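> Following is a predicted model, sequence given first.
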Amino acid sequence: MCATCGCGDTHHHHLGEDHTHHHGEKSIVEVEKDILYQNKLLAERNRGYFDAKNIFCINLVSSPGSGKTTILERTLTDLKGEISFSVIEGDQQTTNDADRIHATGTKVTQINTGKGCHLDAHMVLHALQGLKPPADSVLFIENVGNLVCPAMFDLGEKERVVIMSVTEGDDKPLKYPDMFHTSTVCIINKTDLLPYVNFNVEKAKEYALKVNHKLKIFEVSATTGHGMDEWYSWLRKHVQALQEA
Ligand SMILES: Nc1nc2c(ncn2[C@@H]2O[C@H](COP(=O)(O)OP(=O)(O)OP(=O)(O)O)[C@@H](O)[C@H]2O)c(=O)[nH]1
Ligand SMILES: [Mg+2]
């Protein structure tokens with residue numbers, strides 16, 4: 001059992017020590033601090049790897065079904081001629097999303113977390129050893145669909161993109177502030193459904209910026225493609241900046 005978020009015992013084996021043995025000696029807060037400290041060290045190791053190979057790493061986080069994979073499919077298909085991509089897919093079970101990414105012709109590897117409700121830096125380190133993303137490329141990590149626990153786990157990414165869809169309600173940034181606070185970009189997806197749902201885009205943006213005034217916000221529909229060009233421009237600008245650095 002993981003004391004950090006209670007998401008099961010599937011990931012204690014990669015923390016360097018079996019912290020479950022210490023529950024009798026350490027308080028839950030201490031165990032949680034240890035887990036997050038170990039994760040931070042490994043995240044820095046991942047970051048060093050990305051810096052050395054000039055890899056622009058983006059961690060995609062959202063509640064289940066807001067459109068992470070659909071946004072990825074469209075982005076990879078539209079930009080594959082100009083940017084080199086690879087993808088790490090995180091899910092509790094199945095290779096469904098990895099199969100969808102593979103169908104776009106992109107290099108992809110799947111992490112199944114079992115009962116675990118988030119990816120951690122060690123899982124990503126392990127996936128990188130198999131994936132071997134090329135230098136001067138963009139690496140997307142699709143996190144497990146969950147608006148809570150992934151907020152705590154730095155994976156070594158350069159940018160964290162939180163996706164909210166208009167079917168979820170415009171109050172999500174206020175209810176799940178950690179995810180919006182730790183992200184650098186927010187994509188509001190499924191705008192094609194706005195005529196049918198009770199979602200106020202201006203309020204959603206106001207709430208998101210209240211939690212994190214630095215958030216860069218995009219409004220898109222991954223199915224119609226509306227608004228995707230602004231997201232692509234942002235991506236191109238950052239890839240270019242990295243290559244010129
Ligand atoms: N109408 C509409 N549907 C969308 C849009 N983007 C995604 N969907 C649909 O929403 C559902 C979930 O999309 P996914 O891309 O699988 O969502 P996800 O965030 O990757 O889901 P998990 O990996 O399970 O967390 C699918 O049925 C998509 O077709 C959109 O912009 N508009
Ligand atoms: Mg997905």
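It's in. Ligands and ions are numbered 1, 2, ... in the order given.

> how much space between the closest residue to ligand 1 within the chain and ligand 2?
Ligand 1 sits closest to G145 of the chain, with a gap of 2.5 Å, by CB to the nearest ligand atom. (C-beta placed from N, C-alpha, C; glycine too.) For G145, the distance to ligand 2 (CB to the ion, to the nearest Å) stands at 7 Å.

> helix, strand or coil for that residue?
coil (DSSP: H, G, I helix; E, B strand; the rest coil).

> quick one: buried residues of the helix ranked longest in the chain?
Across the chain, the longest stretch assigned as helix under DSSP state H is helix 28-52. Using 16 or more other CB atoms under 10 Å as the test for burial, helix 28-52 gives 31-32, 34-35, 38-39, 42-43, 45-47, 49-50.

> What is it packed up against?
strand 56-62, helix 121-131 (3 or more CB pairs under 8 Å, 6 or more residues apart in numbering; DSSP states H and E).

> neighbouring contacts of whichever helix or strand comes after the last one?
Right, helix 121-131. Counting by DSSP states H and E, the next helix or strand C-terminal to helix 121-131 is strand 138-142. Contact with strand 138-142 is made by 50, 55-60, 68-69, 72, 83-90, 97, 119, 124, 133, 155, 157, 235, 239, as judged by CB atoms under 8 Å, 6 or more residues apart in numbering.

> how about 6 Å then?
55-60, 68, 72, 83, 85-90, 133, 155 (CB atoms under 6 Å, 6 or more residues apart in numbering).

> Of the residues you listed, which ones also sit close to ligand 1?
K68 (CB under 6 Å from any ligand atom).

> Tell me the residues of the protein that contact ligand 1?
So the chain meets ligand 1 at 62, 64-70, 97, 145, 189-190, 192-193, 221-223 (CB under 6 Å from any ligand atom).

> Let me know the distance separating L128 from P134.
12 Å (CB to CB, to the nearest Å).

> The two: which has the busier surroundings?
Neighbours were counted for L128 and for P134 using other CB atoms under 10 Å; L128 has more, 23 against 14.

> Report the contact partners of that one.
Taking CB under 6 Å, 6+ apart as the test, L128 contacts no residue whatsoever.

> Skipping adjacent residues, who's closest to F199 in space?
V166 (4.1 Å; CB to CB, 6 or more residues apart in numbering).

> surely the one you found meets V197?
Yes - here V166 lies in contact with V197, judged by CB atoms under 6 Å, at a distance of 5.4 Å.

> So for those two, which residue has more residues nearby?
V166 (23 against 13).

> Can you pull the phi and psi angles for the residue of the chain found nearest ligand 2?
Nearest to ligand 2, among the residues of the chain, is T69, at 3.4 Å (CB to the ion). The phi/psi pair for T69 (degrees, to the nearest 10) reads phi -70, psi -40.

> Report the buried members of the residues of the chain next to ligand 1.
Looks like these have 62, 66-70, 97, 145, 189-190, 192, 221-222 buried, using 16+ other CB under 10 Å.

> Mind putting these into JSON lines with pLDDT and secondary structure?
Below are those laid out as JSON lines (pLDDT from 0 to 100; DSSP: H, G, I helix; E, B strand; the rest coil):
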{"residue": "S62", "pLDDT": "98", "secondary structure": "strand"}
{"residue": "S66", "pLDDT": "98", "secondary structure": "coil"}
{"residue": "G67", "pLDDT": "98", "secondary structure": "coil"}
{"residue": "K68", "pLDDT": "98", "secondary structure": "helix"}
{"residue": "T69", "pLDDT": "98", "secondary structure": "helix"}
{"residue": "T70", "pLDDT": "98", "secondary structure": "helix"}
{"residue": "D97", "pLDDT": "97", "secondary structure": "helix"}
{"residue": "G145", "pLDDT": "97", "secondary structure": "coil"}
{"residue": "N189", "pLDDT": "98", "secondary structure": "strand"}
{"residue": "K190", "pLDDT": "98", "secondary structure": "coil"}
{"residue": "D192", "pLDDT": "98", "secondary structure": "helix"}
{"residue": "S221", "pLDDT": "98", "secondary structure": "coil"}
{"residue": "A222", "pLDDT": "98", "secondary structure": "coil"}
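
> I am finished for the moment; much appreciated.
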